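Enquirer: One predicted model, sequence on top.
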Amino acid sequence: MLTRKPKTKILVDGGDPDETVRVKNLLGFVDGQTTNPSLIAKNPAIQQRIASGQTLTSNEESDEYRKIVRAISPLVGDAGVSIEVFADLDTSAEEMFSQGKEMFSWIPNAYIKYPCTHEGLRAAEMSVRQQIRVNITLCFSQEQAAAVYAATKGSKEPVYVSPFVGRLDDRGEDGIDLIKNIKTMYRNGDGHVHVLSASIRHLDHLLASFALDAELVTVPAKVIAEWAASNFQMPDRDFTHKAIDAEGKPLKAIPYKELDLNLPWQSFDVSHDLTTKGIQKFVADYRSTLKRSA
């Protein structure tokens with residue numbers, strides 16, 4: 001069991017309450033949890049239903065999501081449970097916000113996840129005005145993180161931005177650089193946006209997130225087990241992130257950009273092909289559990 005908690009809050013990345021319990025037993029605590037349509041589709045109970053030939057209506061899917069989130073909620077600490085709205089590339093901000101408002105009522109420690117798109121940021125802007133806590137997901141660029149900051153100014157609660165480290169690594173870019181660049185940029189800000197390091201693939205990603213003082217990190221159970229097996233290794237002063245891919249090839253550095261956080265959020269370019277692909281993947285996983293309409 002972990003005797004000294006890191007400064008970075010640790011969230012489980014998953015959609016299975018039993019797994020959350022196992023991680024909590026291993027660490028002695030869990031600060032929060034992130035969920036999304038892909039993780040919910042992988043939930044053992046939902047997988048069992050699909051394997052037996054049953055698919056769900058969209059209402060049943062929402063009911064199952066609510067049940068899972070309600071089971072996870074009391075297991076985690078003040079970093080809460082991030083619940084993702086069901087959004088495709090055509091979903092309007094108003095539709096996302098309507099879902100987010102409903103999902104926020106499911107549990108007392110909810111964070112609503114919106115994609116880092118123009119409509120997702122509009123939904124986030126509406127949400128913070130109504131004191132709905134938000135987590136902006138599928139962030140792949142410093143410009144997107146600047147837009148998150150500007151769109152959620154005035155939030156009474158911490159706002160999370162989730163840069164996806166592993167998915168940048170997958171295409172040869174050093175995802176950890178994005179965490180470093182966002183943290184550097186936010187030093188000039190008011191502190192209302194917290195960096196949630198996401199898409200963690202291995203122990204080095206976790207240790208690098210600690211070393212960069214990411215406020216939060218969301219970690220799959222298998223990487224938490226890897227960390228436990230290392231006797232909960234922590235980065236020392238000499239820690240250097242290994243910027244290499246799975247085959248040992250060097251990852252391309254992501255240069256820092258000087259961006260003005262006081263500009264309106266609409267002035268930042270929030271388009272990113274990996275955000276688009278991420279939304280398409282979530283939609284496909286969500287639809288895989290649904291009844292086909294005639």
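Expert: All right, it came through fine. Model, not experiment: these values are computed from the prediction.
Enquirer: what's the spacing between residue 165 and residue 173?
Expert: 10 Å (CB to CB, to the nearest Å). The C-beta positions use only the backbone N, C-alpha and C, and glycine is treated the same way.
Enquirer: More neighbours: the two, which one.
Expert: residue 165 (27 against 20; other CB atoms under 10 Å).
Enquirer: Quick check: closest non-adjacent residue to the more buried one.
Expert: Nearest-residue entry for residue 165: residue 175, 3.3 Å, with adjacent residues in sequence omitted and distances by CB to CB, 6 or more residues apart in numbering.
Enquirer: who are the neighbours in contact with residue 188?
Expert: residue 261 (CB atoms under 8 Å, 6 or more residues apart in numbering).
Enquirer: actually residue 88, not the one I typed
Expert: 279, 280, 283.
Enquirer: Let me know the secondary structure of it.
Expert: Three-state call for residue 88 (DSSP: H, G, I helix; E, B strand; the rest coil): coil.
Enquirer: Could you measure from it over to residue 165?
Expert: 25 Å.
Enquirer: all helices of this structure, in order?
Expert: 17-27, 37-41, 44-51, 58-72, 93-104, 118-129, 142-151, 165-170, 175-186, 203-211, 221-229, 273-287 (DSSP state H).
Enquirer: ok, of those, where does mean pLDDT dip lowest?
Expert: Mean pLDDT values for these show the minimum at helix 37-41, a mean of 88.
Enquirer: residues contacting residue 233?
Expert: 203, 207, 227.
Enquirer: Mind pulling up the pLDDT for it?
Expert: 96.
Enquirer: Over to the one 5 residues further on?
Expert: Residue 238 is assigned a pLDDT of 95 by the prediction.
Enquirer: Same check on residue 294?
Expert: Value for residue 294, per-residue pLDDT: 38.
Enquirer: Excluding sequence neighbours, find me the nearest residue to residue 154.
Expert: residue 128 is the one closest to residue 154 (CB to CB, 6+ apart), at 6.7 Å.
Enquirer: For residue 242, see how far away the one you found is.
Expert: 37 Å.
Enquirer: Comparing these two, which residue is more hemmed in?
Expert: Set residue 128 next to residue 242 and count neighbours by other CB under 10 Å: residue 128 wins out with 19 against 13.
Enquirer: Dump the contacts of residue 88 to a markdown table, plus neighbour count and distance to residue 105.
Expert: Putting these into a markdown table (neighbours: other CB atoms under 10 Å; distance: CB to CB, whole Å) gives the following:
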| residue | neighbour count | distance to residue 105 |
| --- | --- | --- |
| 279 | 21 | 24 |
| 280 | 12 | 28 |
| 283 | 17 | 24 |
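Enquirer: Show me which of those is closest to residue 41.
Expert: Using CB to CB, the shortest approach to residue 41 within these belongs to residue 283, at 10.9 Å.
Enquirer: count of residues packed around residue 30?
Expert: For residue 30, using other CB under 10 Å, the count is 22.
Enquirer: measure it to residue 222 for me?
Expert: For residue 30 relative to residue 222 (CB to CB), the value is 15 Å.
Enquirer: which residues touch the residue nearest the centre of the chain?
Expert: The chain has residue 162 as the residue nearest its centroid, 4.6 Å off, counting by CA atoms, centre = their mean. Residue 162 sits next to 34, 113, 135, 136, 137, 138, 139, 196, 197, 198, 218 when contact means CB under 8 Å, 6+ apart.
Enquirer: Pretty sure the last one sits against residue 14.
Expert: No - using CB atoms under 8 Å, residue 218 is not in contact with residue 14; the gap is 9.1 Å.
Enquirer: Need the overlap of contacts for the two.
Expert: residue 33.
Enquirer: okay, now residue 54: neighbour count?
Expert: For residue 54, using other CB under 10 Å, the count is 12.
Enquirer: about what we covered before: could you provide the contacts of residue 162 in JSON lines, with additional columns for distance to residue 145, pLDDT and neighbour count?
Expert: Converted to JSON lines, these look like this (distance: CB to CB, whole Å; pLDDT from 0 to 100; neighbours: other CB atoms under 10 Å):
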{"residue": "34", "distance to residue 145": "17", "pLDDT": "98", "neighbour count": "27"}
{"residue": "113", "distance to residue 145": "15", "pLDDT": "98", "neighbour count": "27"}
{"residue": "135", "distance to residue 145": "13", "pLDDT": "98", "neighbour count": "30"}
{"residue": "136", "distance to residue 145": "8", "pLDDT": "98", "neighbour count": "30"}
{"residue": "137", "distance to residue 145": "12", "pLDDT": "98", "neighbour count": "28"}
{"residue": "138", "distance to residue 145": "12", "pLDDT": "98", "neighbour count": "28"}
{"residue": "139", "distance to residue 145": "6", "pLDDT": "98", "neighbour count": "28"}
{"residue": "196", "distance to residue 145": "11", "pLDDT": "99", "neighbour count": "30"}
{"residue": "197", "distance to residue 145": "12", "pLDDT": "98", "neighbour count": "29"}
{"residue": "198", "distance to residue 145": "12", "pLDDT": "98", "neighbour count": "31"}
{"residue": "218", "distance to residue 145": "16", "pLDDT": "98", "neighbour count": "27"}
